[in-house]
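**Q** Model the following, please.
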Amino acid sequence: MTQESSSGPFIRIRLPQISRETLLGKLGRNAEIWIWKTGLGKILNSYPAGFGKRLVLQFAANGRQLPLPYVETAGALYALVSTEEEMQDIQVLIADSAVQIWMSTGWFSGNARILPDQEQNEILYTFPPEAFLGSWNSQRRASAADRSLLVAIRRTAPCTGENGPGQYSWVWAVTTLFFFFSWLKKSFRTKK
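**A** So this is what the prediction gives:
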């Protein structure tokens, strides 16, 4: 919509209304994926008792990536999906169960499926929300298990290549060189 003012025409743009919670969720999710891509994903799993263990699911059907808390038992992985946006993203598994899994122990291809209510209740009885989220996060999200889905993930083969976790790890080498040469230049200037 264009309007006239004394200084000339201007355009009024209306942005969609996004709740603060949704915006922070998207920023947090994108930041976590960036951390995995730069090779620092192991840092996210450094204190599992407090913050839980995290992995990233990449869906083969649409290439979207979703960071989730998980529990591993006897080679089986169970990921907790607790937000509405994550639940919408996970529905792609109904059509195509192929996924890639980014974990601190490696990068794998595999299959995932949404557990039915009975299996989900058995797993949640065995592993309380603290096992998925850690003690600190489970206090913040007390109702996460009440309105959540569980995804069972089975790893099939290890992966290698360029488009996985650590694909942008070169950023740290470039940053280190930049700061080293900046320090070197500054130290030569102070000696003169």
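**Q** Over to residue 40: give its phi and psi.
**A** Backbone geometry at residue 40, expressed as degrees, to the nearest 10, gives phi -110, psi 20.
**Q** Likewise for residue 95?
**A** When read as degrees, to the nearest 10, the backbone of residue 95 gives phi -90, psi -40.
**Q** so residue 157 touches residue 108, yeah?
**A** Yes - using CB atoms under 8 Å, residue 157 is in contact with residue 108, at 6.7 Å. Just so you know, the C-beta spots here come from the backbone N, C-alpha and C atoms, and that holds for glycine as well.
**Q** Those two: which is more packed in?
**A** Neighbours per residue (other CB atoms under 10 Å) separate residue 157 from residue 108, with residue 108 holding more: 20 against 7.
**Q** In terms of secondary structure, what does whichever strand or helix holds that one contact?
**A** According to DSSP states H and E, residue 108 maps onto strand 106-114. Packing partners of strand 106-114 (3 or more CB pairs under 8 Å, 6 or more residues apart in numbering; DSSP states H and E): strand 98-103, strand 149-158.
**Q** What residues does residue 134 make contact with?
**A** The contact partners of residue 134, by CB atoms under 8 Å, 6 or more residues apart in numbering, come to 47-52, 69.
**Q** want to throw these into TSV with distance to residue 76, secondary structure and neighbour count?
**A** Shown next, in TSV, are these (distance: CB to CB, whole Å; DSSP: H, G, I helix; E, B strand; the rest coil; neighbours: other CB atoms under 10 Å):
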residue	distance to residue 76	secondary structure	neighbour count
47	23	coil	13
48	17	helix	18
49	21	helix	11
50	24	helix	12
51	22	helix	17
52	17	coil	24
69	15	strand	24
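**Q** and the most centrally placed residue in the chain, how far is that from residue 19?
**A** Closest to where the C-alpha atoms of the chain average out (CA atoms, centre = their mean) is residue 67, at 2.6 Å. Going from residue 67 to residue 19 by CB to CB, to the nearest Å gives 20 Å.
**Q** So what pairs up with the nearest residue to residue 126 once chain neighbours are set aside in the strands?
**A** Leaving aside its chain neighbours, residue 126 sits nearest to residue 73 (8.0 Å; criterion: CB to CB, 6 or more residues apart in numbering). Taking DSSP bridges as the rule, residue 73 bridges to residue 76.
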